[in-house]
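[1] Structure here, sequence nowhere to be found:
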């Protein structure tokens, strides 16, 4: 009996220790990647995957955990991008990390305002109302040149990307900026999910009327969910504009970008933080894979870019349909199932 009593805690503690060791190894690998990866990998694969995964976290906190709907994620990304641009341009004394935070807070205020309809409507009508933000801010940043510092092309670019005098414009510097920001916000999102706020949001998702009965402030929690989601989208938009694109305009955050963020959540897995990066990797790597496959088969003259773009959309749609039928919780749940089977394999043997 004593040996069983002693071995049970050790067995239970082993997975946690292994997870911590794995997290340390993965963290070191991520930080050391710039020493081994070339600029193509950093600029075209790693940076956009991480940034879009961060945007997916924002939408997943709203949809997956709170059960609310938004089809205007790109609008709040554009708010973050244009806000960070003007903050860095017009307040030279403001450090970059603080500019990203303030830009995210500005997006959060906008998200709170456009989340007000959630107090009265839900479902399809709420989804349609969030499209108002998408069209409004794209129109705003296109028609008022002040936001782009009266640029003739209405484009914005980062006036400065530096922290403590360190130039972050080279690819490794932008990569580390994206990784550090995303890691901090991922940690914050994980703590939100485990907190009282996270439990309240999940109660709203499961049954908002029952949540109100047990004393959860439904209205304030809904608005808070929109604010948090928009904050993440705003920071992701600033990183997308400056750490990935370098130069962007309002059309860089169009409706297609909002649907990309939505696809990331659906493919990666609802109510899964890590799944957003799986979905983002799928979204980023699929076009690259198709282009390389066409080149490898020597079919570049037959299949033009327009055909490949349409094929990407078809693949995204088929993937979502298959996942919704076979595994509604997305790639994250599939990965967990594979890991569970792998862990149980020695026991079956």
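    Received it, and whenever you're ready, just let me know what you need. Since we're looking at a predicted model, the values are computed, not measured.

[2] my guess is residue 311 meets residue 289, correct?
    No - with contact taken as CB atoms under 8 Å, residue 311 and residue 289 are classed as non-touching, separated by 10.9 Å. C-beta here means a position set from N, CA and C on the backbone, and glycine is covered the same way.

[3] Rounded mean pLDDT for stretch 224-244, please.
    Mean pLDDT, computed over stretch 224-244, is 96.

[4] let me fix that: stretch 81-96
    The pLDDT scores in stretch 81-96 average 92.

[5] What of stretch 321-337?
    Averaging pLDDT along stretch 321-337 yields 83.

[6] neighbouring contacts of that stretch?
    For stretch 321-337, the external contacting residues (CB atoms under 8 Å, 6 or more residues apart in numbering) are 266, 267, 268, 269, 270, 271, 272, 274, 275, 278, 279, 282.

[7] do that again at 7 Å, thanks
    By CB atoms under 7 Å, 6 or more residues apart in numbering, the list of residues contacting stretch 321-337 from outside reads 266, 267, 268, 269, 270, 272, 274, 275, 278, 279.

[8] Stretch 273-291 too?
    Stretch 273-291 is touched from outside by 45, 48-49, 52-53, 56-57, 60, 186, 189-190, 260, 263-265, 267-269, 308, 311-312, 315, 330-332, with contacts defined as CB under 7 Å, 6+ apart.

[9] Pretty sure residue 63 sits against residue 265.
    Yes - taking contact to mean CB atoms under 7 Å, the distance of 5.9 Å between residue 63 and residue 265 places them in contact.

[10] Which of those two has more residues huddled nearby?
    Counting neighbours by other CB atoms under 10 Å for residue 63 and for residue 265 shows that residue 265 has the greater number, 27 against 22.

[11] and residue 149, what are its phi and psi?
    The phi and psi torsions at residue 149 (degrees, to the nearest 10) take the values phi 60, psi 40.

[12] residues in contact with it?
    Residue 149 sits next to residue 89 when contact means CB under 7 Å, 6+ apart.

[13] quick one: pLDDT of it?
    Value for residue 149, per-residue pLDDT: 91.

[14] cool, and residue 20?
    Here the pLDDT value assigned to residue 20 is 66.

[15] Share the number of residues neighbouring the residue nearest to residue 128 when sequence neighbours are not counted, please.
    In space, not counting the residues next to it along the chain, residue 128 is nearest to residue 71; the distance is 7.8 Å by CB to CB, 6 or more residues apart in numbering. The number of residues packed around residue 71, counting by other CB under 10 Å, is 21.

[16] doesn't residue 130 make contact with residue 71?
    Yes - under the contact definition of CB under 7 Å, residue 71 touches residue 130, with a separation of 5.0 Å.

[17] where does the chain have low pLDDT?
    Flagging of the chain using pLDDT under 70 yields the residue ranges 1-26, 29, 343, 345-349.

[18] show me where the stretch 51-200 of the chain has helices.
    For the stretch 51-200 of the chain, the helices defined by DSSP state H, counting those that start in this stretch occupy 73-90, 96-114, 124-143, 171-194, 196-206.

[19] Determine how far the second one lies from the middle of the whole chain.
    Between the centre of helix 96-114 and the centre of its chain there are 15 Å (CA atoms, centre = their mean, to the nearest Å).

[20] Summarise which helices and strands that helix is packed against.
    Contact here means 3 or more CB pairs under 7 Å, 6 or more residues apart in numbering; DSSP states H and E; on that basis helix 96-114 packs against helix 73-90, helix 124-143, strand 162-163, helix 218-239.

[21] and if you look at the third one?
    The helices and strands touching helix 124-143, judged by 3+ CB pairs under 7 Å, 6+ apart, are helix 73-90, helix 96-114.

[22] quick one on the thing from earlier: now tabulate the helices of the stretch 51-200 of the chain in a markdown table and tack on distance to residue 337 and mean neighbour count.
    Listed next are those as a markdown table, based on distance: least, CB to CB, whole Å; neighbours: other CB atoms under 10 Å:
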| stretch | distance to residue 337 | mean neighbour count |
| --- | --- | --- |
| helix 73-90 | 28 | 27 |
| helix 96-114 | 34 | 21 |
| helix 124-143 | 30 | 17 |
| helix 171-194 | 21 | 18 |
| helix 196-206 | 22 | 17 |
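
[23] Of all these, which one is nearest residue 156?
    Closest approach to residue 156 among these (CB to CB): helix 73-90, 4.3 Å.
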